[in-house]
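**Q** Sharing a model prediction with you, sequence too.
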Amino acid sequence: MRLADDPEVEAFRAEFSAFLDTHLPAEAEACERSRSSAHMPEWARRWQRTLFEHGWLLPGQPAEYGGRKATLPQQLAHLEELARRRIYHSFNPQGLGIIAASLLTFGTDEQKRRWAVPILRAEITAGLGMSEPEAGSDLASLRTRAVPVEDGFLVNGQKIWTSGAHDADVLLTFVRTDPDAPKHRGISALLIPTADEGVVRRPFGSIAAEDDLDFNEVFFTEVRVPRENLIGPLNAGWRVANGSLGHERTLLWLSYAERLEDLTRDAADVGADQEWYATLLMDLTALRLLGYRQLGPDREPAEISVLKLLGSEAVQSASLYALEAHGMEGLPHPARTGPYHHMNNEAFISSWFERYARSFAGTIAGGTSEIQRNIIAERILGLPR
């Protein structure tokens, strides 16, 4: 648990702050805005490459992967400084935080060179093909098939809720490669270029707006994928999937803390309700303290589920209260409910309705609240399955 400032961490933070002062793009550069979680305007691509080249993209990684081998507390300081300045880490968040991170963990040296580095440098963007119409939270029930053929695999099936797929260059796709194995053991992970013949992407609107085009249906019809696009061993995709979600969840609690911090500022006009405001501050404090606990040497991986559950549901509850407190004024859409910053994601300051509607993503993506409760019950409390 972080109880006091560490001089080395604070020196690291100061160095990063000075870098931002020197290199941050001006507002005039960032006129074009991102249209999906895999659409990166050219200025955003240049900025991510700048971070990569100076070792500030993923500080925990070695220099060849955009980092400087920073410690976990230093990585936290890096993310806190981005949050303080309202700088969105990457306009291809899944590409950076899940797909590239998974390739660095499970990929071969060639796969890292061919795929991970271009994603990190924002030369290409990536999406995650997990959920299916019959397999949302229950990934092990997926039906998309990859039949081994002489030169690789032949893929047929469908994914849904695939964020940014229509703008992504590649998809990290989980497929069933052994239909006769136990369902957790017959899954593999393939990297599939979206331009390949037989890949069809159909974006559709969200609850926030019909023109909010991030979600996609993705159809695979006789798609040929070379064997060198297999990530990890054959039929070991369950391990890759858990690693991918682990990358997503490790410091995910910090983004929930940011949203709660935003609410203490943006919903200040309803702060007269002292009970609500006190609950908001207590949730924020508890989340940060539990998060800092995970920086210690005795951290328990299952406790990440506590952070995910507390953070996502606290944001949802507080967002609902803010929407209800604003009444009819909270419904008009589009609207702006917080200060604009050209380096941030506008969804975080959108209408009160949209902010509440988007909070459901937090209780679903990266493992639903129900799944987190099961993990907590079984792995922390020791309750029977």
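**A** Thanks, I have it.
**Q** need the strands for the protein, in chain order.
**A** Ranges of strands within the chain are 126-129, 145-149, 152-160, 170-176, 187-193, 199-203, 216-226, 230-231, based on DSSP state E.
**Q** Distance from the fifth one to the middle of the chain?
**A** Going back to what we said before, that points to strand 187-193. 19 Å (CA atoms, centre = their mean, to the nearest Å).
**Q** ok, and for that strand, which residues are buried?
**A** 187, 188, 189, 190, 191, 192 (16 or more other CB atoms under 10 Å). From N, CA and C alone the C-beta is placed, and that goes for glycine too.
**Q** ok, now which ones touch the second one?
**A** This points to residue 188. 146, 174, 175, 176, 177, 230, 232, 234, 235, 236, 237 (CB atoms under 8 Å, 6 or more residues apart in numbering).
**Q** Can you give me the distance of the second one to residue 181?
**A** Spelled out, it's residue 174. 14 Å (CB to CB, to the nearest Å).
**Q** out of those two, which sits in the busier spot?
**A** Counted by other CB atoms under 10 Å, residue 174 and residue 181 do not tie: residue 174 has more neighbours, with 28 against 12.
**Q** For residue 108, grab the count of nearby residues.
**A** 13.
**Q** no, scratch that, I was asking about residue 299
**A** The number of residues near residue 299, taken as other CB under 10 Å, comes to 12.
**Q** If we ignore the residues flanking it in sequence, what's nearest it?
**A** Take residue 299 and drop its neighbours on the chain: the residue closest to it by CB to CB, 6 or more residues apart in numbering is residue 293, 6.9 Å away.
**Q** correct me, but the one you found touches residue 306?
**A** No: the pair residue 293 / residue 306 is not scored as a contact, 9.7 Å apart, by CB atoms under 8 Å.
**Q** More neighbours: these two, which one.
**A** residue 306 (22 against 16).
**Q** On the strand side of things, show who the spatially closest residue to residue 236 that is not a sequence neighbour bridges to.
**A** Excluding the flanking residues, the one nearest residue 236 by CB to CB, 6+ apart is residue 188, at 7.1 Å. Beta-bridge pairing for residue 188 (DSSP bridges): residue 175.
**Q** wait, what's in contact with residue 263?
**A** By CB under 8 Å, 6+ apart, the neighbours of residue 263 are 280, 315, 318, 319, 322.
**Q** what do you get for residue 355?
**A** 319, 322, 323, 337, 347, 348.
**Q** Select from these the one having the most neighbours.
**A** residue 319 (25 neighbours).
**Q** Output the below-cut-off pLDDT ranges for the stretch 201-350 of the chain.
**A** Applying pLDDT under 70 to the stretch 201-350 of the chain flags residues 244-250, 271-272, 296-297.
**Q** Could you rerun that using 90?
**A** Scanning the stretch 201-350 of the chain for pLDDT under 90 picks out 207-211, 238-255, 265, 267-277, 290-305, 333-334.
**Q** Spell out, range by range, the helices that occur in it.
**A** For the stretch 201-350 of the chain, the helices defined by DSSP state H, counting those that start in this stretch cover 237-249, 252-266, 274-293, 303-326.
**Q** ok so, going back, deepest-packed of the strands of the chain, please.
**A** strand 126-129 (a mean of 29; mean count of other CB atoms under 10 Å).
**Q** burial measure for residue 57, as a count.
**A** Count around residue 57 with other CB under 10 Å applied: 25.
**Q** now it, nearest residue through space, not along the chain?
**A** Going by CB to CB, 6+ apart, residue 57 has residue 66 as its nearest residue, at 3.5 Å.
**Q** Tell me how many other residues crowd the one you found.
**A** When neighbours are counted by other CB under 10 Å, residue 66 comes out with 26.
**Q** Roughly how far does the residue of the chain most remote from its centre sit from residue 227?
**A** Distance from the C-alpha centroid of the chain peaks at residue 150, with 35.2 Å (CA atoms, centre = their mean). Here the distance between residue 150 and residue 227 works out to 9 Å (CB to CB).
**Q** now do residue 266
**A** 50 Å.
**Q** Give me the more crowded residue out of those two.
**A** residue 266 (19 against 13).
**Q** The more buried one and residue 349 touch, don't they?
**A** Yes: with contact defined as CB under 8 Å, residue 266 counts as touching residue 349 (7.2 Å).
**Q** which neighbours do those two share?
**A** Common neighbours of residue 266 and residue 349 (CB under 8 Å, 6+ apart) are 337, 338.
**Q** which residues of the stretch 51-200 of the chain score low on pLDDT?
**A** The low-confidence ranges in the stretch 51-200 of the chain, as defined by pLDDT under 90, are 72-73, 76, 134-141, 150, 180, 182-185.
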